[in-house]
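Asker: My questions concern the predicted model and sequence given below.
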Amino acid sequence: MFNLVLFGPPGSGKGTQSENIVKKYQLQHISTGDLLRDEVSRQTTLGTEAKKYMDQGMLVPDEVVIGMISVKIDEAQDARGFIFDGFPRTRTQAEALDKLLEFKNTKIDLVLALEVPEKDLIERLVKRGITSGRSDDNEEVITARIKEYYLKTEPVAQYYSHQEKLERVEGHRPIEDTFNVLGKHINKYLLPIA
Ligand code: B4P
């Protein structure tokens, strides 16, 4: 089993690159952003609670997100491996993920961190907001999300750096170019299916 974390600030391209990686390597994709938006759209109790945080650009509480991930890992019995997109976003989440995987006799193999200048992040997300209909894709909330990232999420890079699993990748280049660089790192662990 090969398990990958795709790490980076809001709008760095985690979701975009995950789609490409899933196609090429057939990994099981777990995106906490997608899972939360699904809960919000179905107006579940979890979704109604999560929406309060997401609409302000804040992280959803750890226990909510960790519970969701745990269920998804259990559901995917025969996966070739997982790609965690947008998770973990705090040190507590990173420690919980290590425990959940240990329980399955596996571990995180590689963390690819996308690095994009802040002005590009804002530009991308504002542009996406024109068509996405997402309540967190407006300039005020985007600024709050980026602030939350530097405060709570960026330190998680240190956690993986200490484990010697972190590779930083420039994410401001065209999508295909960034994908090629990510692929070079993944190929050291896993061969593409297609
Ligand atoms: P996410 O859904 O994870 O959203 P994201 O950070 O906006 O997106 P991403 O980095 O995937 O960017 P994308 O590829 O779409 O989180 C949303 C919210 O959910 C959080 O703020 C939080 O409240 C909550 N949440 C999620 N996970 C959580 C957790 N673990 N704990 C607590 N709360 C959690 O790219 C953005 C845009 O850029 C797209 O339009 C794309 O087309 C464009 N783009 C991508 N790559 C490009 C490139 N190379 N060049 C030009 N444009 C590019």
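Answerer: The structure has been received and is ready for your questions.

Asker: from what I can see Val126 touches Glu140, true?
Answerer: No: assessed by Cβ atoms under 8 Å, Val126 is found out of contact with Glu140, at 10.7 Å. The way it works is simple: take the backbone N, C-alpha and C, and place the C-beta from them, glycine included.

Asker: Where does this structure get nearest to the ligand, residue-wise?
Answerer: Residue nearest to the ligand within the chain: Gly33 (1.8 Å; Cβ to the nearest ligand atom).

Asker: count of neighbours near that residue?
Answerer: 18 (other Cβ atoms under 10 Å).

Asker: Tell me if Leu6 really is in a helix.
Answerer: No: according to DSSP: H, G, I helix; E, B strand; the rest coil, the state of Leu6 is strand, so it is not within a helix.

Asker: Please work out how many residues are found near it.
Answerer: Around Leu6 there are 26 residues (other Cβ under 10 Å).

Asker: got it, and the one 3 residues further on?
Answerer: Pro9 has 23 neighbouring residues, counting by other Cβ under 10 Å.

Asker: Check the secondary structure at the residue lying closest to it once chain neighbours are set aside for me.
Answerer: Leaving aside its sequence neighbours, Pro9 sits nearest to Tyr149 (Cβ to Cβ, 6 or more residues apart in numbering; 4.6 Å). What three-state DSSP gives for Tyr149 is helix.

Asker: Measure how buried Tyr149 is and give me the count.
Answerer: So Tyr149, with other Cβ under 10 Å, has 20 neighbours.

Asker: quick one, what contacts it?
Answerer: Contact partners of Tyr149, counting by Cβ atoms under 8 Å, 6 or more residues apart in numbering, are 9-10, 89.

Asker: how about a cut-off of 10 Å?
Answerer: By Cβ atoms under 10 Å, 6 or more residues apart in numbering, the residues touching Tyr149 are 8-12, 57, 59, 89, 118, 121.

Asker: Select from the residues you listed every entry located in helices.
Answerer: Those of those mapping onto helices are 118, 121, per DSSP state H.
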